[in-house]
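Asks: My questions concern the predicted model and sequence given below.
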Amino acid sequence: MAVDYYSVLKLSRNANPEDVKKAYKRLAMKWHPDKNPVDNKEAEAKFKQLCEAYDVLSDPQKRQIYDAYGHDGLNSGDFDVAPRSDPDDIFAEFFEEPNNNWQRAFKKTCNGAAASGRSHKSGGGKKAAAVESKLVCSLEDLYKGARRKMRISRTVPDNFGRSKTIEEILKIDIKPGWKKGTKITFPEKGNQEPGNSPADLIFVVDEKPHDVFKRDGNDLVVIKKLTLLEALTGTLSNLTTLDGRVLPIPVRDIINPGHEEVIPNEGMPISKDPTKKGNLTIKFDVVFPSKLSAEQKSDLRRVLGEADN
């Protein structure tokens, strides 16, 4: 468990700033390395805790956040707080002689504590490999654009290097025209190991198959089935676009199997310039009857034969 900074300085929670200073000075003299045997790990740990406790409780903003949210509030990144105080500034507040052994030991120990805090909070060592995750999007979202809120969980070290899990909600604005494979990077939003910088978190766009449209780059393709009668005599059908408009598709001429029609500017938006779009290609699939009666065959011979003549 994280230490209680008030307990570290042996203070009540209503202690005033002067109480904080006096408690720190008194306890720092007791636990300073110069006052304890060499390599006394307990004394070193106690002294580091004193540095941290004084840094937080002597700063009104940090103290307010700590009182309300504890260590998690200080480490969350949700609040704009000042960085850890420079040990030289803390030293100058309490000790007048600039070159004694006490000062050198104080600076060495607090510098270690500050460096430890920096590495735990923001890294500084090598950076872990980026973590990739799929962002599955409908074709409608990639056509019109959308906003997604992604809840993520990641592990980060606390002030003492122990791993803890935090949750965040990331907002992703899906731009019209984005393609499968588009990457959205959130720097340093991945997991973090003690002493290292957090990994980047990358979302990779994946396109969900559509029931009607198939995407081909910036173009859209639709398969339109026609009966043989419609292919020969014409018809009028409607196509609902990805943004909900109704697009009429008239068939006036005889349609041969494999015939295609291209409608300009009805494809996908072009991501670099969403005011422009690709084309919509309609591929006609003429469905022939599986069988004809003798009467139907006779009628066809008569009608088509007359047409040939």
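Replies: Yes, it's here.
Asks: Which parts of the protein are strands?
Replies: For the chain, strands defined by DSSP state E occupy the ranges 131-137, 146-157, 163-174, 183-186, 201-207, 213-216, 219-227, 235-240, 246-251, 260-263, 269-270, 273-277, 280-287.
Asks: what helices or strands is the fifth one leaning on?
Replies: Yep, that's strand 201-207 we're talking about. strand 131-137, helix 139-144, strand 146-157, strand 163-174, strand 183-186 (3 or more CB pairs under 8 Å, 6 or more residues apart in numbering; DSSP states H and E). From N, CA and C alone the C-beta is placed, and that goes for glycine too.
Asks: Pull that strand out as PDB, backbone CA atoms only.
Replies: Extracted C-alpha coordinates of strand 201-207, given in PDB (Å, rounded to 0.1, in the frame of the first residue of the first chain):
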ATOM      1  CA  LEU A 201      -0.900   2.800 -28.100                       C
ATOM      2  CA  ILE A 202      -1.900   2.400 -31.800                       C
ATOM      3  CA  PHE A 203      -5.400   1.800 -33.100                       C
ATOM      4  CA  VAL A 204      -5.500   0.200 -36.600                       C
ATOM      5  CA  VAL A 205      -8.700   0.700 -38.700                       C
ATOM      6  CA  ASP A 206     -10.400  -2.500 -39.800                       C
ATOM      7  CA  GLU A 207     -13.400  -2.300 -42.100                       C
END
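Asks: Within its sheet, name the partner strands of it and how each one runs.
Replies: Counting by DSSP bridges, the strands paired with strand 201-207 are strand 131-137 (parallel), strand 183-186 (antiparallel).
Asks: how about JSON lines for those, with mean pLDDT, mean neighbour count and distance to residue 209 added?
Replies: Shown next, in JSON lines, are the strands paired with strand 201-207 (pLDDT from 0 to 100; neighbours: other CB atoms under 10 Å; distance: least, CB to CB, whole Å):
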{"stretch": "strand 131-137", "mean pLDDT": "91", "mean neighbour count": "14", "distance to residue 209": "11"}
{"stretch": "strand 183-186", "mean pLDDT": "91", "mean neighbour count": "14", "distance to residue 209": "21"}
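Asks: Relative to residue 239, which of these is closest?
Replies: Among these, the nearest to residue 239 by CB to CB is strand 131-137 (21.6 Å).
Asks: For burial, what's the neighbour tally of the residue lying closest to residue 254 once chain neighbours are set aside?
Replies: Leaving aside its chain neighbours, residue 254 sits nearest to residue 232 (5.8 Å; criterion: CB to CB, 6 or more residues apart in numbering). Neighbour count of residue 232, defined by other CB atoms under 10 Å: 14.
Asks: Repeat that for residue 159.
Replies: Counted by other CB under 10 Å, the residues lying close to residue 159 total 19.
Asks: Is it correct that it is in contact with residue 2?
Replies: Yes: counting by CB atoms under 8 Å, residue 159 touches residue 2, with 6.8 Å between them.
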